[in-house]
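> Structure, please.
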Amino acid sequence: MTAAGLAALAAFAVALLLVLVLAVRLHAFLALLLTSVAVALLGGIPPAEIAGEVQRAMGGSLGYIAVVIGVGAMFGALLQRSGGAAGVANGLLRALGEKRAPWALGATGLLVAIPVFFDVAFILFVPLLYSLARRTGRPLLGFALPLLAGLAVAHAFIPPTPGPVAVAGLLDADLGWVIVFGLAAGVPALAVAGLGYGLWVAPRVASEVPETLDVEPPAKAASGASAAGLIALPLVLILCATVSGVAVEKGEPVRELLQFIGHPFMALILATLAAYYVLGLRRGFSRRELEKIATRALEPVGNILLVTGAGGVLGKVLVAAGVGEAVAQGLAAWRLPLVVLAFALAAAVRVAQGSATVAMVTAAGLVAPVVEAGTYSAPMLGAVTVAIAAGATVLSHVNDSGFWLVSRYLGLSERDTLRTWTVVSTLVGVTGFGVVLAVSFFL
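Down below sits the predicted model:
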């Protein structure tokens with residue numbers, strides 16, 4: 001299939017999915033699977049191989065996120081039922097006041113997602129968002145969107161998250177300059193997307209704690225300090241693993257230990273076990289009560305897992321059909337300035353296949369020959385890296401598993417998720433790009 005045909009296939013996939021979800025009102029899981037099959041057929045994948053492709057893609061998509069969501073749900077339920085999440089929320093409100101809570105959450109998201117994956121950090125803070133919304137009576141989105149904007153900025157712009165690190169490696173960019181430009185672009189992006197648009201749109205879109213995901217009111221009081229320490233535990237473990245990967249030589253026992261306990265899986269498991277004792281057994285919960293809390297926490301996550309996995313299937317089918325690479329190569333032929341080209345390539349691949357990290361790596365691979373053929377300063381390469389990250393952040397929509405994660409945990413319809421999270425992610429990318437584009441004129 002030609003590049004134009006593959007670009008048309010990507011547009012068809014998005015249009016079909018939107019029609020099935022918004023007009024036909026099919027469940028998102030079924031709509032995503034049907035769209036994936038249609039794309040596979042039109043993209044030239046042999047019919048006999050499509051079922052296997054869907055199976056592999058579903059397994060690959062859920063292999064990581066299923067563990068994170070499952071363990072994170074139990075961890076969150078323990079925080080809720082013990083009153084720990086409410087304690088953190090009350091402490092935050094006492095320290096900053098209700099009006100400043102969204103600012104604190106935005107800054108928290110920016111700091112937390114530097115060493116932690118977007119989805120891990122979001123799931124860790126969902127119980128806190130629920131407690132703040134109930135405690136204040138304010139819209140859930142008024143707290144969630146600033147947090148999400150901060151998480152999106154750090155996840156895309158600031159190493160050591162995998163996307164910018166991979167791009168810097170492909171372009172031979174200095175990570176120090178990437179961090180400098182990532183922060184310079186990220187802070188305004190957080191302000192515009194999360195604290196500007198996010199707070200403006202929050203009261204205009206109905207948002208409440210989803211009944212199917214909420215847990216019972218706290219049965220026993222727990223201190224906010226204990227809960228805050230437990231929330232910080234997996235973050236600290238993951239950060240230690242990141243630092244050890246840079247500061248400690250391979251093969252050293254300390255590095256091996258920190259890499260083991262600092263993997264998101266193990267960090268969440270250890271935090272959940274600690275919560276069992278600190279918030280559960282030590283406060284008088286019986287083992288049977290704790291078992292019931294954990295079991296009930298897992299009951300509503302099936303829908304989230306299936307929809308998130310199906311979103312990953314569509315993204316992987318689009319990649320298998322060659323859509324992302326074809327769209328990127330078409331844009332490269334337009335001979336745009338390097339920073340603009342980097343942003344446009346990443347944005348096109350992001351819209352076509354969904355994954356921000358895949359979009360970053362694909363765009364960097366196509367920009368790398370241009371970089372090698374020219375002479376660019378270290379600061380310029382840092383700016384180009386952040387431009388790619390900005391392009392890979394825009395327009396999170398129905399082929400992005402993160403879109404469905406946000407939709408389900410915030411109880412939003414697909415239409416409202418497009419009005420809120422999709423716009424926030426786009427403003428993060430466009431604002432960040434605007435900063436590095438302005439800086440690039442002086443490099």
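
> where exactly do the helices run in the stretch 301-443 of the chain?
Using DSSP state H, counting those that start in this stretch, the helices of the stretch 301-443 of the chain run over residues 301-320, 323-332, 338-353, 356-373, 378-391, 401-409, 414-417, 423-440.

> These: lowest mean pLDDT?
When the helices of the stretch 301-443 of the chain are ranked by mean pLDDT, helix 323-332 comes last with a mean of 59.

> Ok, which of the helices of the stretch 301-443 of the chain comes nearest Ser244?
Closest approach to Ser244 among those is made by helix 356-373 (22.1 Å; Cβ to Cβ). Any C-beta I mention is one placed from the backbone N, CA and C, and that applies to glycine too.

> on that earlier part again, need the winner for burial among the helices of the stretch 301-443 of the chain.
Counting by mean count of other Cβ atoms under 10 Å, helix 378-391 has the highest mean neighbour count of the helices of the stretch 301-443 of the chain, with a mean of 29.

> can you state the direction angle for that one and helix 338-353?
Angular relation of helix 378-391 and helix 338-353 on a 0 to 180 degree scale: 30 degrees, by axes from the mean of the first three to the mean of the last three Cα atoms, to 10 degrees.

> Export helix 378-391 to PDB, keeping only CA atoms.
Presented in PDB, the C-alpha positions along helix 378-391 are these (Å, rounded to 0.1, in the frame of the first residue of the first chain):
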ATOM      1  CA  ALA A 378      24.200  20.500  21.800                       C
ATOM      2  CA  PRO A 379      21.500  23.000  22.900                       C
ATOM      3  CA  MET A 380      19.800  22.700  19.600                       C
ATOM      4  CA  LEU A 381      19.700  18.900  19.800                       C
ATOM      5  CA  GLY A 382      18.200  19.200  23.300                       C
ATOM      6  CA  ALA A 383      15.500  21.500  21.800                       C
ATOM      7  CA  VAL A 384      14.800  19.100  19.000                       C
ATOM      8  CA  THR A 385      14.400  16.200  21.500                       C
ATOM      9  CA  VAL A 386      11.800  18.200  23.500                       C
ATOM     10  CA  ALA A 387      10.000  19.200  20.200                       C
ATOM     11  CA  ILE A 388       9.700  15.500  19.400                       C
ATOM     12  CA  ALA A 389       8.300  14.800  22.900                       C
ATOM     13  CA  ALA A 390       5.800  17.700  22.500                       C
ATOM     14  CA  GLY A 391       4.600  16.300  19.200                       C
END
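
> What helices and strands are in contact with it?
Using 3 or more Cβ pairs under 8 Å, 6 or more residues apart in numbering; DSSP states H and E as the contact test, the elements touching helix 378-391 are helix 140-157, helix 162-171, helix 175-190, helix 338-353, helix 356-373, helix 423-440.

> Reformat these into JSON lines and put distance to Arg282 next to each item.
As requested, the helices and strands packed on helix 378-391 are arranged in JSON lines below (distance: least, Cβ to Cβ, whole Å):
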{"stretch": "helix 140-157", "distance to Arg282": "29"}
{"stretch": "helix 162-171", "distance to Arg282": "37"}
{"stretch": "helix 175-190", "distance to Arg282": "37"}
{"stretch": "helix 338-353", "distance to Arg282": "46"}
{"stretch": "helix 356-373", "distance to Arg282": "40"}
{"stretch": "helix 423-440", "distance to Arg282": "39"}
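
> closest to Ala294 out of those?
helix 140-157 (24.1 Å).
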